[in-house]
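J.: Here's my sequence, what's the structure:
(2 chains)
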Amino acid sequence: SQQGEEDPQALSIQEGENATMNCSYKTSINNLQWYRQNSGRGLVHLILIRSNEREKHSGRLRVTLDTSKKSSSLLITASRAADTASYFCATDGGNAGNMLTFGGGTRLMVKP
Amino acid sequence: DAGVIQSPRHEVTEMGQEVTLRCKPISGHNSLFWYRQTMMRGLELLIYFNNNVPIDDSGMPEDRFSAKMPNASFSTLKIQPSEPRDSAVYFCASSGHFDEKLFFGSGTQLSVL
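T.: Just a heads-up that it's a prediction; the model follows:
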């Protein structure tokens, strides 16, 4: 079963707008990661946030983590057409090692 | 660095045939993962190797699936006999010592007719 569930499943916005994707998970975690997948390609790591962190930034990406609610959000600011992809959250279930469980993903379309 | 290399990129086979998917992890990485992606079930972890040893194969669907890692630079995922419900994209990923993020290959698109 999937550990994380993304919301919304699909999101369509105009270039320049911000895109927010949410992820909920079920068990304890050491960290939560976000990945991006372009159509027909493998997943690419975007950002990792540890369980003792609340917010993290990387370029136009901002990730928040609320362990009390078992939820995370990914914000992409000033979106570009090139940001069109599927975005997945992944959790480690609090285990050692990198066995990640992925959510169902959010399909983001950014219209030029 | 060439990244994680998977072959073949596409595989079309008939039900009942044996299928072998191949993966070369990033040099120096000590963990290797096989995932399967379908529209219905999303990304599923099939098996995880650490230092060439299978650590967790609880995601392997059934005995028709087997995976090996004979050395640090090569892994195979075999399906015998294949069935139409095995049609999916199979990804291999690797990670290094003390590195929590995964590096994915481009995947193998498997179609079983």
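J.: Show the residue spans covered by the strands in chain A.
T.: Under the criterion DSSP state E, chain A contains strands at A:5-7, A:10-14, A:19-24, A:31-37, A:43-50, A:55-58, A:61-66, A:71-76, A:85-91, A:101-102, A:106-111.
J.: Chain B too?
T.: B:5-7, B:10-13, B:19-24, B:31-38, B:42-50, B:53-56, B:65-71, B:74-79, B:88-95, B:103-104, B:108-112.
J.: what does chain A put close to chain B?
T.: Chain A comes close to chain B at residues A:2, A:30-31, A:33, A:35, A:41-45, A:48, A:88, A:92, A:97-105, as judged by C-beta under 8 Å from any C-beta of the partner chain. The way it works is simple: take the backbone N, C-alpha and C, and place the C-beta from them, glycine included.
J.: where does chain A have low pLDDT?
T.: Counting by pLDDT under 70, chain A shows low-confidence ranges at A:1-4, A:96-97.
J.: Give me every residue in chain B lying close to chain A.
T.: Along chain B, the residues adjacent to chain A under the rule C-beta under 8 Å from any C-beta are B:4, B:31, B:33, B:35, B:42-43, B:45, B:48, B:50, B:55-56, B:91, B:93, B:95, B:99-107.
J.: Report the buried members of those.
T.: B:4, B:31, B:33, B:35, B:42-43, B:45, B:48, B:50, B:56, B:91, B:93, B:95, B:100-107 (16 or more other C-beta atoms under 10 Å in any protein chain shown).
J.: Contacts only, for the closest residue to chain A within chain B.
T.: The minimum distance from chain B to chain A, using C-beta to the nearest C-beta, falls at B:F104 (3.4 Å). Neighbour list for B:F104: A:42-44, B:4, B:91-93 [criterion: C-beta atoms under 8 Å, 6 or more residues apart in numbering or on different chains].
J.: picking that back up, mind giving me JSON lines with the strands of chain B and columns for mean pLDDT and distance to A:V110?
T.: Below are the strands of chain B laid out as JSON lines (pLDDT from 0 to 100; distance: least, C-beta to C-beta, whole Å):
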{"stretch": "strand B:5-7", "mean pLDDT": "98", "distance to A:V110": "28"}
{"stretch": "strand B:10-13", "mean pLDDT": "97", "distance to A:V110": "28"}
{"stretch": "strand B:19-24", "mean pLDDT": "98", "distance to A:V110": "32"}
{"stretch": "strand B:31-38", "mean pLDDT": "97", "distance to A:V110": "22"}
{"stretch": "strand B:42-50", "mean pLDDT": "95", "distance to A:V110": "22"}
{"stretch": "strand B:53-56", "mean pLDDT": "94", "distance to A:V110": "37"}
{"stretch": "strand B:65-71", "mean pLDDT": "97", "distance to A:V110": "37"}
{"stretch": "strand B:74-79", "mean pLDDT": "98", "distance to A:V110": "34"}
{"stretch": "strand B:88-95", "mean pLDDT": "97", "distance to A:V110": "23"}
{"stretch": "strand B:103-104", "mean pLDDT": "98", "distance to A:V110": "22"}
{"stretch": "strand B:108-112", "mean pLDDT": "98", "distance to A:V110": "25"}
